[in-house]
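Trainee: what's the 3D shape of this:
(one chain, ligands or ions: 1)
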Amino acid sequence: MNNVKSKADKKKNSEVFASCSFSSLGLHPTLCDQLKERLGFEGPTQVQAEAIPVVLSGRHLLVNAATGTGKTVAYLAPIIHHLQNINPRIQRSDGTFALVLVPTRELCMQVYEILVKLLHRFHWIVPGYIMGGENRSKEKARLRKGVSILVATPGRLLDHLKNTSSFLHTNLRWIIFDEADRILELGFGKDIEQILNILGTKQDKSVSKENATLKIPEVQKQNLLLSATLNEKVNHLAKISLENPVMIGLDEKKMQQNVNHDHAGSVGSDVFGRLGESAKGLSASAEEYKLPSQLVQRYIKVPCGSRLVVLLSILKHLFESEASQKIVVFFSTCDAVDFHYSLISKFQRPPISQSEAEVRKMFLGCKTLRLHGNMNHEDRKTTFQTFKTEKSALLLSTDVSARGLDFPKVRCIIQYDSPGEATEFVHRVGRTARLGEKGDSLIFLQPVEIDYLKDLENHGVMLTEYPLLKLLDSFLSHGLKRPIKKLLSVEMHPWVLSLQKALESLISTESTLRNLAKDSFCSWVRAYTAHRGELKQIFMVKKLHLGHVAKSFALKEQPSVVNKSLQKQMKKRKRDEKHKVHSKKRRVVKS
Ligand SMILES: Nc1ncnc2c1ncn2[C@@H]1O[C@H](COP(=O)(O)OP(=O)(O)OP(=O)(O)O)[C@@H](O)[C@H]1O
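Mentor: Residues are numbered from 1 along each chain as shown. Presented below is the predicted three-dimensional model:
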């Protein structure tokens, strides 16, 4: 048995880790010590072993590697190596040398924290961060003093580039786009173009030559772009920011075909075009999405009206079978996170006997946290740090947690609301099974949504079914009578019926919760209508039974107020869309 285990461990290690050392890749010995002492890294991961020499060589780089494979250190370590090597030593007054662009505030903080650890013995290299929600004047003061490696979210960076005259970036050599595709999906495309223009990295290389304060005038600028998923949006960013890049993790054969095609074509071939074609091909193929091989992926088929009961039952089962563990549940809206958070924090197990009624217990006895974009900045920070350090906790979140966040030891990811795009599926499940660790993922699908599995299959993602009825049966020993007949449906299961009743009774007596349930119902339906492209054929709003949707928010029925406000929103949406079409037409006529 032990033998089998050690074989599996070895396999896991060879899939994730490289057989070389950090020093053999050319990193400075002090930096190698820091990697070991501060971060506990004995040797590089595969992606680090491939990427570090490329960054050290000065080439532009595009990395497509699975979630949780160590991409952050793959770019931070070689940049620190370069900076500590500059003689005379760089100073704060030299301004910013490297810029790391990330899509979310949480990722910004996470990268900054790793940076601080790695720079412990390089005190003359100053780390810093700027991001939405932080105090602008404090950030201005930090930029004025000088930050050597700056981690930033795009909007706030652009703000400082335009308005903070003391922000010195004439020595800028590196721009790193971490989670490049997400930066673009969040609508930062225009910001990024402006940022590249201001920094002079978009085609114009004369800016750096002109400046007399340059610390490293002879070296070229170097840009790096990384993500576990590439899509066509990244093509454009890659075209405008990368010059003859080395590619890691892209389909070799496809690349070769493109290279050959280019060579046959003309002298001075267009490397950007080649890159674009390659990424374009990949975005349609199964190889695009790299998932950790040890991740156990399942789906659970649940009728709409029983969704809430099943979610709570699964969570109860998971926490009871392993008290100390971390689970993340993804929802489609901030309202849904708030509602489920409040419900879970209030809901007590319905007493089964007289004696039990005296000792009331919380239904889920775990620490519950929430994270979404409408929370205030400080609360977001606290949740992020707490979930990182807790040994056992449940995090309810929107997609704000889906990208890049490295919460240690997350055992299971539950996608209660479908992510839509397969890309987001990959990133959500990527919060578990990191760096060869075990992990489970479970996605909720209604019977009418089951075709989503085909969409995932097209991207190489295969799921098996979770035995739901077996789970529900396991709760029957909690005092409920065994059914005499074989159960026909989930909805009629005694456990489901009794729990639904208890939930509805709680909601009917708690007006705050009821209001949250109504808001959450409305925004959930709105989010459902917002699925794009082909997914609209799978997540069809007209196939939804709104009464059943109401049940999934523990509302006994679909109250008229809900109807009215939803109808209002739908009407407004239609009006807005009409307005858009009209103004587009007008613009076309004018031009
Ligand atoms: N060489 C290493 N040895 C041991 N642990 C490592 C090593 N490199 C990274 N790690 C750890 O692996 C985990 C994942 O790293 P990281 O967050 O950089 O992954 P990623 O590839 O950027 O993931 P994502 O795509 O989700 O952003 C982190 O906990 C990190 O500390």
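
Trainee: pLDDT score assigned to the closest residue to the ligand within the stretch 251-400 of the chain?
Mentor: The ligand sits closest to residue 290 of the stretch 251-400 of the chain, with a gap of 9.4 Å, by Cβ to the nearest ligand atom. From N, CA and C alone the C-beta is placed, and that goes for glycine too. You'll see residue 290 listed with a pLDDT of 76.

Trainee: for the nearest residue to it once chain neighbours are set aside, phi and psi?
Mentor: Nearest residue to residue 290 in three dimensions, chain neighbours excluded: residue 66, at 3.8 Å (Cβ to Cβ, 6 or more residues apart in numbering). Backbone torsions of residue 66, given as degrees, to the nearest 10, read phi -60, psi 160.

Trainee: I'd say residue 66 and residue 248 touch.
Mentor: No - contact between residue 66 and residue 248 fails when scored by Cβ atoms under 8 Å: they sit 11.8 Å apart.

Trainee: neighbour count for those two, which is higher?
Mentor: residue 66 (24 against 18; other Cβ atoms under 10 Å).

Trainee: can you pull the contacts of that one?
Mentor: 228, 290, 291, 292, 430 (Cβ atoms under 8 Å, 6 or more residues apart in numbering).

Trainee: neighbours of the last one, how many?
Mentor: Residue 430 has 29 neighbouring residues, counting by other Cβ under 10 Å.

Trainee: for residue 471, same thing?
Mentor: With other Cβ under 10 Å as criterion, residue 471 counts 16.

Trainee: cool, and the one 5 residues further on?
Mentor: Counted with other Cβ under 10 Å, residues neighbouring residue 476 total 14.

Trainee: next one: residue 508
Mentor: 13.

Trainee: how far away is it from residue 555?
Mentor: 9 Å (Cβ to Cβ, to the nearest Å).

Trainee: any residues in contact with both of these two?
Mentor: Contacts common to residue 508 and residue 555, judged by Cβ under 8 Å, 6+ apart, are residue 514.

Trainee: pull the contacting residues for the residue most central in space within the chain.
Mentor: In the chain, the centroid-proximal residue (Cα atoms, centre = their mean) is residue 403; its distance is 1.7 Å. Residue 403 makes contacts with 103, 104, 107, 179, 182, 427, as judged by Cβ under 8 Å, 6+ apart.

Trainee: now with 10 Å, please.
Mentor: Shown in contact with residue 403 (Cβ atoms under 10 Å, 6 or more residues apart in numbering): 67, 102-104, 106-107, 178-179, 181-183, 185-186, 227-229, 424, 427-428, 430-431.

Trainee: residue 371 too?
Mentor: Residue 371 neighbours (Cβ under 10 Å, 6+ apart): 106, 328, 334, 337, 341, 379-380, 382-384, 386-387, 395-398, 400-401, 405.

Trainee: before we move on, the earlier item: can you pull the pLDDT of the residue nearest to residue 290?
Mentor: Residue 66 is given a pLDDT of 90.

Trainee: and if you look at residue 313?
Mentor: Reported pLDDT for residue 313: 95.

Trainee: ok, and it, which helix or strand is that part of?
Mentor: In this assignment (DSSP states H and E), residue 313 forms part of helix 307-321.

Trainee: next structured bit after that helix?
Mentor: strand 326-330.

Trainee: partner strands of that following strand, with direction?
Mentor: The strands beside strand 326-330 in its sheet (DSSP bridges) come out as strand 393-397 (parallel), strand 410-415 (parallel).

Trainee: the ligand contacts on the stretch 51-200 of the chain?
Mentor: Residues of the stretch 51-200 of the chain lying near the ligand by Cβ under 6 Å from any ligand atom: 67, 68, 69, 70, 71, 72, 73.

Trainee: quick one: the fifth one and residue 52 touch, right?
Mentor: No - using Cβ atoms under 10 Å, residue 71 is not in contact with residue 52; the gap is 11.3 Å.

Trainee: where does the prediction get shaky in the protein?
Mentor: Residue ranges of the chain with pLDDT under 70: 1-13, 201-219, 251-288, 350-360, 477-488, 559-591.

Trainee: help me confirm that residue 404 is found in a strand?
Mentor: No - with DSSP: H, G, I helix; E, B strand; the rest coil as the criterion, residue 404 is assigned coil and is not in a strand.

Trainee: contacts only, for it.
Mentor: 67-68, 71-72, 102-104, 106-108, 110-111, 178-179, 182, 226-228, 427, 430-431.

Trainee: likewise for residue 110?
Mentor: Contacts of residue 110 (Cβ under 10 Å, 6+ apart): 72, 102, 104, 151, 178, 384, 388, 404, 405, 406, 407.

Trainee: mind doing that once more with 7 Å?
Mentor: 404, 405, 406 (Cβ atoms under 7 Å, 6 or more residues apart in numbering).

Trainee: near the ligand, from these?
Mentor: Within these, those near the ligand by Cβ under 6 Å from any ligand atom are 404, 406.

Trainee: where along the stretch 151-300 of the chain do the helices fall?
Mentor: For the stretch 151-300 of the chain, applying DSSP state H, counting those that start in this stretch gives helices covering 154-163, 180-183, 189-199, 206-210, 232-241, 252-265, 271-283.

Trainee: only the buried residues of the first one, if you could.
Mentor: Spelled out, it's helix 154-163. By 16 or more other Cβ atoms under 10 Å, the buried positions in helix 154-163 come out as 154, 156, 157, 158, 159, 160, 161.

Trainee: quick check: the farthest pair among those residues?
Mentor: 154 and 160 (11.1 Å; Cβ to Cβ).

Trainee: now the residues of the stretch 51-200 of the chain next to the ligand in CSV, with secondary structure?
Mentor: Output for those, formatted as CSV (three-state DSSP):
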residue, secondary structure
67, coil
68, coil
69, coil
70, coil
71, helix
72, helix
73, helix
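
Trainee: picking up where we left off before, so how far is residue 516 from the residue nearest to the centre of the chain?
Mentor: Counting by Cβ to Cβ - residue 403 and residue 516 are separated by 27 Å.

Trainee: three-state assignment of residue 122?
Mentor: Under three-state DSSP, residue 122 comes out as coil.

Trainee: how about the residues of the stretch 301-450 of the chain by the ligand?
Mentor: 404, 406, 430, 434, 435.

Trainee: the nearest residue to the last one once chain neighbours are set aside: how many residues sit nearby?
Mentor: In other words, residue 435. Leaving aside its chain neighbours, residue 435 sits nearest to residue 68 (5.2 Å; criterion: Cβ to Cβ, 6+ apart). For residue 68, the count of nearby residues is 23 (other Cβ under 10 Å).

Trainee: can you name the residue of the stretch 201-350 of the chain nearest to the ligand?
Mentor: residue 228 (4.3 Å).

Trainee: can you tell me how far the nearest residue to that residue once chain neighbours are set aside is from residue 407?
Mentor: The shortest distance from residue 228 to any non-neighbouring residue, by Cβ to Cβ, 6+ apart, is to residue 67 (4.6 Å). Here residue 67 is placed at a distance of 12 Å from residue 407 (Cβ to Cβ).

Trainee: count of neighbours near the residue of the stretch 201-350 of the chain closest to the ligand?
Mentor: Other residues close to residue 228 by other Cβ under 10 Å number 26.

Trainee: just checking, it touches residue 249?
Mentor: No - if you go by Cβ atoms under 7 Å, residue 228 and residue 249 don't touch, sitting 8.9 Å apart.

Trainee: can you list residues touching both of those two?
Mentor: With Cβ under 7 Å, 6+ apart, residue 228 and residue 249 have common neighbours residue 65.

Trainee: which ones are touching residue 95?
Mentor: 146, 168, 169, 170, 171.

Trainee: how about a cut-off of 8 Å?
Mentor: Here residue 95 is in contact with 146, 147, 167, 168, 169, 170, 171, 172 (Cβ under 8 Å, 6+ apart).
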